[in-house]
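>>> I'd like to go over a predicted model; first the sequence, then the structure.
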Amino acid sequence: MQKGEFVYEGKAKRIYRTEQENVFWMEFKDDATAQNGLKRGTIGDKGIVNAEVTRRVFQYLQSHGIPTHLREQVGERDLLVDGLAMLKLEVVMRNVAAGSLVKRLGIEEGRTFAEGIVELYLKDDDLGDPLINDDHALALGLATAEEIAAVKALGRKVNSLLQAYFLAADLVLVDFKLEFGRRGNEIVLGDEVTPDTCRLWDRETRQKLDKDRFRQDLGGVEEAYQEVLRRLVASHA
Ligand code: TMP
């Protein structure tokens, strides 16, 4: 399969066409942004880690019945994926209080929730991706009621699968973001699942091993990304 015409460049990935209709080449970059693009930098070899982490996570999810856009890995930072009609929604799942939730609700970081929390955000950079609820999503025509229900059910199922997957690597899945799209009538998981889009803490020390090291200038960013991949490889042959 060849990388074809350039289609789109996002903050962390470039998308190209391929010779096959509706199959796209997703290239993971080392570029990193935070605070809605205000903070910019690069994380060495992040694209390599993120392509392999996404490939491993999506293969695991697919083997447990979650439909994803992944086809195959074709380079160290390159995945082939199905084209999806993406919903203008971000689905965030939270197991432990961190990030924007701590600020919004005034609770302490690290509080563990008995049940995962599902949140919906409107995907709109100009508005800073505001938190919305099901009624907003429906009123704005972002998805049908059935699709919103499907997205939330898939979010919960992915959450319980990935909590176990990461815990086997001694990583606590604190929270993460998912994006879904339509493939025919089916709702399918797209985009990526990586240390850019998840908060992952060491199970024992609670050390942060994700993009918060970049967001909060904690140092050891590259090492944290490499450590996540190393643990996933070691725990899931
Ligand atoms: P938050 O605490 O900033 O709302 O983020 C929750 C989770 O979602 C965290 O793991 C980071 C991820 N996330 C993204 O991947 N992209 C985004 O644009 C945002 C806001 C969060």
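Alright, I've got the coordinates. Residues are numbered from 1 along each chain as shown.
>>> Could you confirm whether stretch 146-159 reaches the ligand?
No: figure legend: stretch 146-159 not in contact with the ligand (Cβ under 6 Å from any ligand atom); closest approach 11.7 Å. To be clear about C-beta, it is placed using only N, CA and C from the backbone, and glycine gets the same treatment.
>>> Same question for that stretch: list its buried residues.
147-148, 151-152, 154-155, 158-159 (16 or more other Cβ atoms under 10 Å).
>>> The nearest residue to residue 23 once chain neighbours are set aside - how many residues pack around it?
Spatial nearest neighbour of residue 23, chain neighbours left out: residue 80 (5.9 Å); criterion: Cβ to Cβ, 6 or more residues apart in numbering. Residues contacting residue 80 under the criterion other Cβ atoms under 10 Å number 19.
>>> who's in contact with residue 80?
1, 18, 23-26, 70-74 (Cβ atoms under 8 Å, 6 or more residues apart in numbering).
>>> Type out the ChimeraX command that picks the buried ones from those.
Buried residues within these, by 16+ other Cβ under 10 Å, are selected in ChimeraX with:
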select :18,23,24,25,26,70,71,73,74
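>>> Among the contacts of residue 80, name the ones in strands.
Members of these lying in strands (criterion: DSSP state E): 23-26, 70-74.
>>> What parts of the protein come near the ligand?
92, 98-101, 129, 175-177, 197-199.
>>> Now, of the residues you listed, which are buried?
Burial by neighbour count, 16+ other Cβ under 10 Å: within these this picks out 92, 98, 101, 129, 175-177, 197-199.
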